[in-house]
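Novice: here is the input, now give the coordinates:
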Amino acid sequence: MPKYKRFVYAQIITLAALAMLWFIFSTRASADFIRLRPPFSGTVRLTAFFDHQTPRCYWIGQPPCDGYVWIYTGERVLDYSPHPYDGHEGIDWALPDGTPVYAAASGVVAAFGSVGVGYGNRVVIDHQNGYFTLYAHLLGFNNLWVGKSVVAGDLIGSSDHDGCAPCGPHLHFGLYHHDWTAGHETDPFGWQGSVTDPLIDYNGETAICSWRSADEDPVSCADTIIEDAGRGSDIQGSGWLASSIGNGYHMYYHSNVNDYNVYASWWATSTIEGSYKVYVYIPSQNATITNADYLVWNGIDYYPDVYVGSVPLMRHRAFKQNSMQDSLTDSESRSRADGLANVSLSESAMSLL
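Specialist: Residues are numbered from 1 along each chain as shown. A predicted model of the protein is given here:
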């Protein structure tokens, strides 16, 4: 065989080998990744965040609790001021008793059953890509066995407060990487802080947002969330009270008053220029808002600019809640507030007047 042909064949073999190595490594890298759907339907109140600094601090052999909670936005606050809670290794949502709970991604049931005080009835799914999800405090299971294959969205059980008698009904949702034992927990909301994720001191990794972020999902990796009393939240005027029934355990509320000096504002602190949907979360337990104006500013000038389906509304009356009654559900509250949609913003702010 001529030398030039041997050289060409050698080059082809080398390139083929490199291509194979690239395929192997890229496949491994992409396999060690997950996209989650919410484990429930509709809009549900989030009651406890993942603590990035001291998850599981209340467990034997773990670093002691420090009285603070450091959540995915980068906010580090005193426990329950406003975010709960120090040492929490997952996310809690206030699902009422008997609410269906769904598999957040496809996989195989790795464990299920009662573990007594703590998680109570719980399910663990191995997603066979390095990630595991845990669903705790369940009322019961939906025809499960170890080794059973499930698809994202499959019903796996229903919510309760099993294993935590003093707690109200809720779902504890946990995401684990590499193993589903202590020391491998991570935050499905990822890390948006301006400093290094403190979780790296716990498990050696920075949390990566894992929500699939579909349009119909109530949670998304693209969300900019401003909680009452959290970063970006502000209240003006006297007479405001606080309640623990709000999203993230904190909600400001005020009696009806005809005074434009009494208002609340929520400023987006990390907005990227573009088109946004703006949602207002109003807990159904205390949703009796009358004649409240929601105004959205785009950060360009003094006047609010709001668009619904690209049609501009009145500048000073962006959105009107005429009579939201106690019977209104959380998901209905969300859909009513979805009147603030498709807003073109550079830096966003919203006020409730």
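
Novice: can you tell me the closest non-neighbouring residue to Gly130?
Specialist: Of all residues beyond its chain neighbours, the one nearest Gly130 is Asp32 (4.2 Å), with distances taken as CB to CB, 6 or more residues apart in numbering. For the C-beta atoms, the positions are set from N, CA and C on the backbone; glycine is no exception.

Novice: contact partners for that neighbour?
Specialist: Contacts of Asp32 were listed using CB atoms under 8 Å, 6 or more residues apart in numbering, and they are Asn129, Gly130, Tyr131.

Novice: pLDDT wise, what is it at?
Specialist: Each residue has a pLDDT score; the one for Asp32 is 72.

Novice: any figure for the gap between it and Ile208?
Specialist: When CB to CB, to the nearest Å is the yardstick, Asp32 and Ile208 sit 10 Å from each other.

Novice: repeat that for Ile226.
Specialist: 22 Å.

Novice: again with Ala152
Specialist: Distance check for Ala152 against Ile208: by CB to CB, it reads 18 Å.

Novice: repeat that for His178.
Specialist: Note on His178: its distance to Ile208, by CB to CB, is 13 Å.

Novice: ditto for Pro63
Specialist: Look at Pro63 and Ile208: by CB to CB, they are 23 Å apart.

Novice: those two: which is more packed in?
Specialist: Set side by side, Pro63 and Ile208 show unequal neighbour counts under other CB atoms under 10 Å, the larger going to Ile208 at 17 against 14.

Novice: gap between the two ends of stretch 243-257?
Specialist: Stretch 243-257 stretches 18 Å from its first residue to its last (CA to CA, to the nearest Å).

Novice: got the buried residues for that stretch?
Specialist: By neighbour count, and taking 16 or more other CB atoms under 10 Å as the criterion, the buried residues in stretch 243-257 are Gly246, Asn247, Gly248, Tyr249, His250, Met251, Tyr252, Tyr253, His254.

Novice: and stretch 216-230, C-alpha only, in PDB?
Specialist: What follows is stretch 216-230 as a C-alpha-only set of coordinates in PDB (Å, rounded to 0.1, in the frame of the first residue of the first chain):
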ATOM      1  CA  GLU A 216     -47.800  25.300  31.500                       C
ATOM      2  CA  ASP A 217     -45.600  24.600  34.600                       C
ATOM      3  CA  PRO A 218     -46.000  26.800  37.700                       C
ATOM      4  CA  VAL A 219     -42.300  26.600  38.400                       C
ATOM      5  CA  SER A 220     -39.500  27.500  35.900                       C
ATOM      6  CA  CYS A 221     -35.700  28.000  35.700                       C
ATOM      7  CA  ALA A 222     -36.400  31.400  34.100                       C
ATOM      8  CA  ASP A 223     -38.600  32.700  37.000                       C
ATOM      9  CA  THR A 224     -37.700  35.800  38.900                       C
ATOM     10  CA  ILE A 225     -39.500  35.400  42.200                       C
ATOM     11  CA  ILE A 226     -39.900  38.200  44.700                       C
ATOM     12  CA  GLU A 227     -41.300  37.000  48.100                       C
ATOM     13  CA  ASP A 228     -43.000  39.300  50.600                       C
ATOM     14  CA  ALA A 229     -40.300  40.600  53.000                       C
ATOM     15  CA  GLY A 230     -37.600  39.100  50.800                       C
END
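
Novice: what residues sit buried inside that stretch?
Specialist: Buried residues in stretch 216-230, counted by 16+ other CB under 10 Å: Pro218, Val219, Ser220, Cys221, Asp223, Thr224, Ile225, Ile226, Glu227, Asp228, Ala229, Gly230.

Novice: using the three-state scheme, assign the fifth one.
Specialist: Here Asp223 takes the coil state, with states given by DSSP: H, G, I helix; E, B strand; the rest coil.

Novice: pLDDT below threshold where in the stretch 201-350 of the chain?
Specialist: For the stretch 201-350 of the chain, the stretches with pLDDT under 70 are 269-277, 279-294, 297-350.

Novice: sorry, that was for the stretch 1-150 of the chain
Specialist: Applying pLDDT under 70 to the stretch 1-150 of the chain picks out residues 1-31, 60.

Novice: one more time with 80
Specialist: Judged against pLDDT under 80, the low-scoring parts of the stretch 1-150 of the chain cover residues 1-32, 43, 58-63, 116-117.

Novice: host element of Tyr202?
Specialist: Under the criterion of DSSP states H and E, Tyr202 resides in helix 200-203.

Novice: for that helix, packing partners?
Specialist: On a contact count with 3 or more CB pairs under 8 Å, 6 or more residues apart in numbering; DSSP states H and E, helix 200-203 meets strand 185-186.

Novice: contacts for the strand it packs on, please.
Specialist: Against strand 185-186 from outside (CB under 8 Å, 6+ apart): 50, 55-56, 89-90, 174-177, 199, 202-203, 205, 207-208.

Novice: these: which two are farthest apart?
Specialist: Arg56 and Ile208 (19.7 Å; CB to CB).

Novice: for the residue lying closest to His250 once chain neighbours are set aside, give me its contacts.
Specialist: Nearest in space to His250, with sequence neighbours left out and distances taken as CB to CB, 6+ apart, is Pro82 at 3.4 Å. For Pro82, the contact set (CB under 8 Å, 6+ apart) comprises Glu227, Asp228, Ala229, Gly230, Gly248, Tyr249, His250.
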